[in-house]
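Asks: Turn this into a structure:
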Amino acid sequence: MNTIRLLLLIATLPLLTQAQPKPTPRQLAWQKLETTAFLHFTVNTFTDKEWGDGTESPAIFNPAKLDARQWVRTLRDAGFKMAIITAKHHDGFCLWPTKTTEHSVKNSPWKAGKGDVVREVADACREYGLKFGVYLSPWDRHEPRYGTASYNDFYKAQLRELLTNYGDVAEVWFDGAKGENAKNMTYDFDGYWALVRELQPNAVMFSDAGPDVRWVGNEAGNAGETCWSTISTEGMAPGVADAKYLNRGDPTGPQWIPAETDVSIRPGWFYHATEDSKVRSGKNLVDLYYQSVGRNSLLLLNVPPNRDGLLSEPDIASLRDFRRILNETFQTNLVAKNPKLTDGELDTHTVLLANKPIVIDLIGTPTFDRILIEENIASGQRVASGYVDYWTGTIWQRLQNFTTVGYKRLLRFPAITAPRIRITFSNISGPVQLAEVGAYKASAGEE
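Replies: Below you'll find the model as predicted:
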């Protein structure tokens with residue numbers, strides 16, 4: 001090789017390295033949580049509304065039996081790894097005794113104005129081993145400064161309180177929702193995000209288009225059948241995004257911003273007694289798991305406390321069934337033990353090239369109807385499509401095609417009995433680091 005060609009090759013190496021977006025440590029840690037929970041709770045719980053208008057009196061907020069330990073203990077038992085509390089929703093009422101406004105719990109009858117919902121949730125999360133997150137609505141229908149430049153300072157002061165007084169914060173949720181008749185407001189999102197980076201550097205930030213985690217594009221609990229962790233944020237901002245684009249992601253996107261699938265266990269986001277009979281079943285929640293975590297996303301399930309300040313029995317029962325079904329399904333991996341593919345670790349993996357299949361031996365000749373495939377996303381996401389075959393004893397028979405894999409792909413199909421399977425990646429952007437493979441027989445609860 002002549003000197004000029006060698007120099008050109010060396011010069012392009014950094015470009016080749018940069019061409020494959022990869023998650024940051026905080027994004028990777030977030031993805032591994034798999035299931036996290038929202039706790040929508042505020043004056044709306046007592047007015048029976050979804051969006052408050054900011055005129056609600058703090059006097060109506062009085063959850064006499066509030067028990068954040070019950071909330072978080074229930075979530076822990078159901079396998080959830082983080083709880084995110086709506087510290088302030090669009091109505092502007094603050095669930096902590098903020099110094100920025102009188103519109104908060106300090107002027108409510110609950111605990112004679114001495115209570116702090118945010119602290120109780122943060123403390124319960126520490127006690128039960130969950131990560132803690134906060135939702136702080138940029139849209140504020142109560143604060144008079146909203147719509148002026150000074151509101152950005154007001155909002156940052158609230159953000160600073162939440163990020164400095166409650167220990168570690170793992171996720172900060174920036175909702176882009178705003179009513180059609182709301183005042184015009186230019187948010188200083190760059191300033192908000194810089195404050196989070198300064199005060200809670202390990203926290204991921206959610207908005208429609210990141211900077212760390214993006215919206216999945218719907219509130220029905222469905223990540224795209226094809227779901228890339230990469231997108232381009234050009235032309236997008238919180239509240240301004242293409243839902244279909246966010247749902248699928250972009251194989252050529254230059255930024256790693258994985259999808260978060262937010263959905264409620266009830267038709268509404270806040271508690272309404274009339275919805276007690278409309279709570280999603282445990283089986284339905286399992287479907288959401290396959291359609292979110294099983295499609296390279298993360299499931300953020302909202303479970304709203306009621307007016308007593310407790311999670312309701314219908315919700316608790318569904319969460320219990322959800323965890324039971326998942327435990328029964330995934331407790332036994334029928335893939336023969338393999339130090340690179342069955343150890344639960346992303347960084348132990350087998351490298352595969354396009355159309356070079358890998359044969360996976362199973363334990364005996366089991367009956368199974370679920371398959372798990374994982375890439376080592378620490379090195380990026382590379383699978384665009386592939387397929388699984390099973391050995392009939394005489395020939396390889398096609399079992400199922402799939403598109404993206406990413407952190408996790410879960411396949412469901414009618415039960416078959418076979419001694420081995422074969423996985424082929426037919427369209428990839430580079431060598432694939434296959435990290436995990438599983439074969440399972442679904443719980444009877446899924447039927």
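Asks: wait, what's in contact with Gly217?
Replies: Residues in contact with Gly217, defined by C-beta atoms under 8 Å, 6 or more residues apart in numbering, are 224, 241-247, 259. For the C-beta atoms, the positions are set from N, CA and C on the backbone; glycine is no exception.
Asks: how about the strands in the stretch 301-447 of the chain?
Replies: For the stretch 301-447 of the chain, the strands defined by DSSP state E, counting those that start in this stretch cover 350-352, 358-361, 367-375, 383-391, 396-402, 409-417, 420-428, 432-440.
Asks: Please identify the deepest-packed of those strands.
Replies: Burial of these is given as mean neighbour count (mean count of other C-beta atoms under 10 Å); strand 432-440 ranks first at a mean of 23.
Asks: Show me what it is packed up against.
Replies: Strand 432-440 sits against helix 313-330, strand 350-352, strand 358-361, strand 367-375, strand 420-428, with contacts defined as 3 or more C-beta pairs under 8 Å, 6 or more residues apart in numbering; DSSP states H and E.
Asks: and these as TSV, adding mean pLDDT and distance to Thr74?
Replies: Converted to TSV, the helices and strands packed on strand 432-440 look like this (pLDDT from 0 to 100; distance: least, C-beta to C-beta, whole Å):
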stretch	mean pLDDT	distance to Thr74
helix 313-330	98	6
strand 350-352	98	39
strand 358-361	98	37
strand 367-375	98	26
strand 420-428	98	37
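Asks: Would you mark the buried spots in stretch 142-162?
Replies: 142-143, 145-146, 151-152, 154-156, 158-159, 161-162 (16 or more other C-beta atoms under 10 Å).
Asks: With respect to Asn202, which of those residues is nearest?
Replies: Set against Asn202, the nearest of the buried residues of stretch 142-162 by C-beta to C-beta is Leu162 (15.1 Å).
Asks: Please list all residues in contact with His23.
Replies: One thing to correct before we go on: residue 23 is Pro, not His. Applying C-beta under 8 Å, 6+ apart, the residues contacting Pro23 are 31, 229, 256, 258, 377-378.
Asks: CSV for the helices and strands packed on strand 432-440, including distance to Thr404?
Replies: Putting the helices and strands packed on strand 432-440 into CSV (distance: least, C-beta to C-beta, whole Å) gives the following:
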stretch, distance to Thr404
helix 313-330, 21
strand 350-352, 15
strand 358-361, 18
strand 367-375, 9
strand 420-428, 10
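Asks: In this structure, mark out all the helices, start to finish.
Replies: 3-18, 25-33, 44-47, 68-77, 117-128, 150-164, 189-199, 243-248, 282-292, 313-330 (DSSP state H).
Asks: CSV for the ones you listed, including distance to Ala418?
Replies: What follows is those, written out as CSV (distance: least, C-beta to C-beta, whole Å):
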stretch, distance to Ala418
helix 3-18, 40
helix 25-33, 30
helix 44-47, 51
helix 68-77, 35
helix 117-128, 41
helix 150-164, 52
helix 189-199, 49
helix 243-248, 32
helix 282-292, 21
helix 313-330, 18
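Asks: To Thr100, which of these lies closest?
Replies: helix 150-164 (5.0 Å).
Asks: So which elements touch that closest one?
Replies: So helix 150-164, by 3+ C-beta pairs under 8 Å, 6+ apart, packs with strand 131-136, helix 189-199.
Asks: Out of the ones you listed, which is the most enclosed?
Replies: It is strand 131-136: most buried of those by mean count of other C-beta under 10 Å, with a mean of 23.
Asks: Show me what that strand packs onto, helices and strands only.
Replies: Under the contact criterion of 3+ C-beta pairs under 8 Å, 6+ apart, the helices and strands touching strand 131-136 comprise strand 35-39, strand 82-88, helix 117-128, helix 150-164, strand 171-173.
Asks: as a whole number, average confidence for that strand?
Replies: Summarised as a single mean, pLDDT over strand 131-136 is 98.
Asks: ok, now stretch 179-199?
Replies: Averaging pLDDT along stretch 179-199 yields 93.
Asks: contacting residues around it?
Replies: With contact meaning C-beta under 8 Å, 6+ apart, stretch 179-199 is reached by 51, 90, 138-139, 141, 146-147, 149, 151-152, 155-156, 159-160, 163-164, 172, 174, 178, 203, 205, 207, 211, 237-238.
Asks: How about stretch 150-157?
Replies: Outside stretch 150-157, the residues that touch it by C-beta under 8 Å, 6+ apart are 99-101, 136, 138, 140, 143, 145, 185, 187-188, 191-192, 195.
Asks: quick one: which of the residues you listed is nearest Ser426?
Replies: Scanning the contacts of stretch 150-157 for proximity to Ser426, where the rule is C-beta to C-beta, the winner is Tyr192, at 42.7 Å.
Asks: For the closest one, give its distance to Asp67.
Replies: 32 Å (C-beta to C-beta, to the nearest Å).
Asks: now the end-to-end length of stretch 253-272.
Replies: Using C-alpha to C-alpha, to the nearest Å, the end-to-end distance of stretch 253-272 comes to 40 Å.
Asks: Same question for that stretch: list its buried residues.
Replies: Neighbour-count burial for stretch 253-272, with 16+ other C-beta under 10 Å as criterion, is recorded at 253, 255-266, 268-272.
Asks: OK, contacts around Pro339?
Replies: So Pro339 contacts Thr348 (C-beta under 8 Å, 6+ apart).
Asks: Redo the contacts of Pro23 as CSV? Include distance to Ala336.
Replies: Below are the contacts of Pro23 laid out as CSV (distance: C-beta to C-beta, whole Å):
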residue, distance to Ala336
Gln31, 27
Ser229, 30
Trp256, 33
Pro258, 31
Ile377, 25
Ala378, 25
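Asks: Please identify which pair of those residues lies farthest apart.
Replies: For those, the farthest-apart pair by C-beta to C-beta is Pro258 and Ala378; their separation is 12.7 Å.
Asks: one step back: and the contacts of stretch 150-157 as a markdown table, adding distance to Thr42?
Replies: Formatted as a markdown table, these follow (distance: C-beta to C-beta, whole Å):
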| residue | distance to Thr42 |
| --- | --- |
| Lys99 | 19 |
| Thr100 | 16 |
| Thr101 | 14 |
| Leu136 | 12 |
| Pro138 | 15 |
| Asp140 | 12 |
| Glu143 | 15 |
| Arg145 | 20 |
| Met185 | 20 |
| Tyr187 | 21 |
| Asp188 | 24 |
| Gly191 | 25 |
| Tyr192 | 20 |
| Leu195 | 23 |
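Asks: What is the nearest of those residues to Ala418?
Replies: When the contacts of stretch 150-157 are compared for distance to Ala418 (C-beta to C-beta), Leu136 wins out at 51.2 Å.
Asks: related to what we said a few turns ago, as JSON lines, the strands of the stretch 301-447 of the chain with distance to Asn107 would be great.
Replies: Putting these into JSON lines (distance: least, C-beta to C-beta, whole Å) gives the following:
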{"stretch": "strand 350-352", "distance to Asn107": "60"}
{"stretch": "strand 358-361", "distance to Asn107": "62"}
{"stretch": "strand 367-375", "distance to Asn107": "50"}
{"stretch": "strand 383-391", "distance to Asn107": "54"}
{"stretch": "strand 396-402", "distance to Asn107": "54"}
{"stretch": "strand 409-417", "distance to Asn107": "48"}
{"stretch": "strand 420-428", "distance to Asn107": "58"}
{"stretch": "strand 432-440", "distance to Asn107": "52"}
